[in-house]
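A.B. asks: sequence and predicted structure below; questions after.
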Amino acid sequence: MKKLEIIIDKSYINRLLNKFELVGVKGYSAIDIAKSMGPTNEMGPDGVLLSNNMYVLSLIDESIVENLKTLVMPLINETGGIIIISTPEFTMVK
């Protein structure tokens with residue numbers, strides 16, 4: 001099992017989820033990021049950095065990692081963002 005974390009612009013979330021479906025990602029959580037710091041953020045009227053990004057988390061089978069990277073990396077290169085695939089120390093899915 002691998003942990004997949006992606007930060008991507010909200011306007012590309014459907015394209016990302018379509019790629020998940022193609023490779024067989026079984027489930028995910030997608031969370032709006034209210035604030036973040038990075039080269040594409042804008043300052044709001046209250047001085048808080050605004051974000052147009054989403055954080056996506058999934059536990060994926062190791063067998064789909066290479067196919068997932070092949071499909072998702074071009075999207076990250078196009079839109080900007082972050083992709084992290086790691087081995088979790090502990091998982092509990094109920």
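C.D. replies: Arrived safely.

A.B. asks: give the burial count for residue 25, as a bare number.
C.D. replies: By other CB atoms under 10 Å, the residues close to residue 25 number 20. Yep, even glycine has a C-beta here, placed from its N, CA and C like the rest.

A.B. asks: how about stretch 67-83: buried residues?
C.D. replies: For stretch 67-83, burial by neighbour count (16 or more other CB atoms under 10 Å) applies to 68, 71-72, 75-76, 81, 83.

A.B. asks: roughly how far out does that stretch sit from the chain middle?
C.D. replies: Distance of stretch 67-83 from its chain centroid, counting by CA atoms, centre = their mean, to the nearest Å, is 9 Å.

A.B. asks: CA atoms only: put it into CSV for me.
C.D. replies: C-alpha atoms of stretch 67-83 as CSV (Å, rounded to 0.1, in the frame of the first residue of the first chain):
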residue,chain,number,x,y,z
ASN,A,67,0.6,3.8,-14.4
LEU,A,68,-0.6,6.6,-12.1
LYS,A,69,2.6,8.5,-12.4
THR,A,70,2.6,8.2,-16.2
LEU,A,71,-0.9,9.7,-16.3
VAL,A,72,-0.7,12.3,-13.6
MET,A,73,2.8,13.8,-14.0
PRO,A,74,1.9,15.5,-17.4
LEU,A,75,-1.1,17.1,-15.6
ILE,A,76,1.1,18.3,-12.7
ASN,A,77,3.7,19.6,-15.2
GLU,A,78,0.9,21.5,-17.1
THR,A,79,-0.8,23.0,-14.0
GLY,A,80,1.8,23.1,-11.3
GLY,A,81,1.3,21.4,-8.1
ILE,A,82,2.8,18.7,-5.9
ILE,A,83,2.6,14.9,-6.0
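
A.B. asks: can I get the buried residues of stretch 67-83 in TSV with distance to residue 94 and pLDDT?
C.D. replies: What follows is those, written out as TSV (distance: CB to CB, whole Å; pLDDT from 0 to 100):
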residue	distance to residue 94	pLDDT
68	24	97
71	29	95
72	27	96
75	31	94
76	31	93
81	30	89
83	26	96
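
A.B. asks: understood, closing this out.
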